[in-house]
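S.K.: Got a sequence here, can you build the structure:
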Amino acid sequence: MPSNRDDIRDFLNRRKNVVLVEVKSASGSTPREAGAWMLVAVDCIFGTIGGGQLEFMAIDHARGLLNEDGAFSDDISIPLGPEIGQCCGGRVALGFKQVDRHLRSALVEKVDLEIAQRPHVYIFGAGHVGDALAMALSLVPLRIVLVDTREIELSATRVPGIETCLTAMPEMVVRDAPAGSAFVVLTHDHALDFLITAEALARGDAAYVGMIGSKTKKATFRNWLEREVGRPEIFDGLVCPVGETSVKDKRPAVIAALAAAEIMISALNHRIGQENLPKQRARLHA
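M.R.: Have a look, this model is predicted:
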């Protein structure tokens, strides 16, 4: 379920004249990398190439091209220095292209693929912290699934752009999740927390496994894991408590903000690690 900011179909369907602005190359310190892109129409934009004066100039240039008759394509190179009121120090080459029917289809396909490849984050528990965490993570490019056994709590969430899952057996959601997923366990029941967390740790391929709780709960889980599951070696993969513990603030929104950063870093690092595996294997066999 894409959020409004991801809904490229709606953006394109509402606007006939659109310009694609793409970062063709980037050297030195720049706001975005080569390949970053945005769409510019007369009334609004979709995406970003980094903001600031660079983006302001790009939007202005693109809207100037919209006034021209016929098809167009243009390229400009911009130094990110005092000349434009930015001090990044790098240089960016931008390409401008009119969005025709074929390019529209290609852009929709590109966005769909990017959304499909986003890391999955499963939040178990739609209580105060779970709902706040879903809201915090909804702002970043992740696929968020909020899971609960309670219909009332799950239906009460108002977080845009996420999925919800009502189930009597949340541990089955863990089993069906794709490799590289992140699991955050925040339910109303400690016994249920333990079941879900053990299932996530046992996979061995999660980007992140976190459980809300205290040092005492963590120690209790360790003993339970050894006694009931017989796999104490998987305990080291657990993050508990979730979020930065040096901040002594237990308000749900604060815990959510700290945990969101932790989860995002883990998800991205895991993806980078997976992408680098073929290169590492090639070097080993060279």
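
S.K.: Stretch 205-214: end-to-end distance?
M.R.: 25 Å (C-alpha to C-alpha, to the nearest Å).

S.K.: which intervals of the stretch 101-250 of the chain have sub-threshold pLDDT?
M.R.: 244 (pLDDT under 70).

S.K.: residues near residue 266, how many?
M.R.: Counted by other C-beta atoms under 10 Å, the residues lying close to residue 266 total 19. For glycine as for every other residue, the C-beta is placed from the backbone atoms N, C-alpha and C.

S.K.: how near is it to residue 221?
M.R.: Relative to residue 221, residue 266 is positioned 19 Å away (C-beta to C-beta, to the nearest Å).

S.K.: likewise residue 249?
M.R.: Residue 249 is 23 Å from residue 221, by C-beta to C-beta.

S.K.: now swap in residue 264 and tell me
M.R.: For residue 264, the distance to residue 221 - C-beta to C-beta - is 24 Å.

S.K.: go on, residue 34?
M.R.: Distance from residue 34 to residue 221, by C-beta to C-beta: 45 Å.

S.K.: which one of the two has more residues nearby?
M.R.: residue 221 (21 against 13).

S.K.: In this structure that one contacts residue 212, no?
M.R.: No. Between residue 221 and residue 212 there is no contact under C-beta atoms under 8 Å: 11.4 Å.

S.K.: overlap in contacts of the two?
M.R.: 193, 240 (C-beta atoms under 8 Å, 6 or more residues apart in numbering).

S.K.: which residues does residue 136 contact?
M.R.: With C-beta under 8 Å, 6+ apart, residue 136 has these contacts: 253, 256-257, 259-260.

S.K.: mind listing what the residue found closest to it once you drop the neighbours it is linked to in the chain touches?
M.R.: Closest residue in space to residue 136, ignoring its immediate chain neighbours: residue 260 at 4.0 Å, by C-beta to C-beta, 6 or more residues apart in numbering. Residue 260 is in contact with 133, 136-137, 140, counting by C-beta under 8 Å, 6+ apart.

S.K.: Let's see if you can find the most crowded of the residues you listed.
M.R.: Busiest of the contacts of residue 260 [other C-beta under 10 Å] is residue 133, holding 31 neighbours.

S.K.: Is that residue within a helix or a strand, and which one?
M.R.: Under the criterion of DSSP states H and E, residue 133 resides in helix 128-137.

S.K.: next one: residue 77
M.R.: Going by DSSP H and E, residue 77 is in strand 73-79.

S.K.: any idea how this protein splits into domains?
M.R.: 8-115, 118-275 (the TED database).

S.K.: Which stretch among these is buried most, on average?
M.R.: Neighbour counts (mean count of other C-beta atoms under 10 Å) averaged over each of the domains of the chain peak at domain 118-275, with a mean of 18.

S.K.: where do the helices sit along the protein?
M.R.: 8-13, 52-66, 101-116, 128-137, 151-155, 170-176, 190-203, 215-224, 252-284 (DSSP state H).

S.K.: now the fourth one, how far from the centre of its chain.
M.R.: What that stands for is helix 128-137. 14 Å (C-alpha atoms, centre = their mean, to the nearest Å).

S.K.: Nearest spatial neighbour of residue 150, chain-adjacent residues omitted?
M.R.: Spatial nearest neighbour of residue 150, excluding adjacent residues (C-beta to C-beta, 6+ apart): residue 126 at 7.1 Å.

S.K.: any idea how far the one you found lies from residue 261?
M.R.: In terms of C-beta to C-beta, residue 126 sits 21 Å off from residue 261.

S.K.: Quick one: residues contacting the residue nearest to residue 150.
M.R.: Counting by C-beta under 8 Å, 6+ apart, residue 126 has contacts 134, 146-148, 150, 153-154, 156-157, 164.
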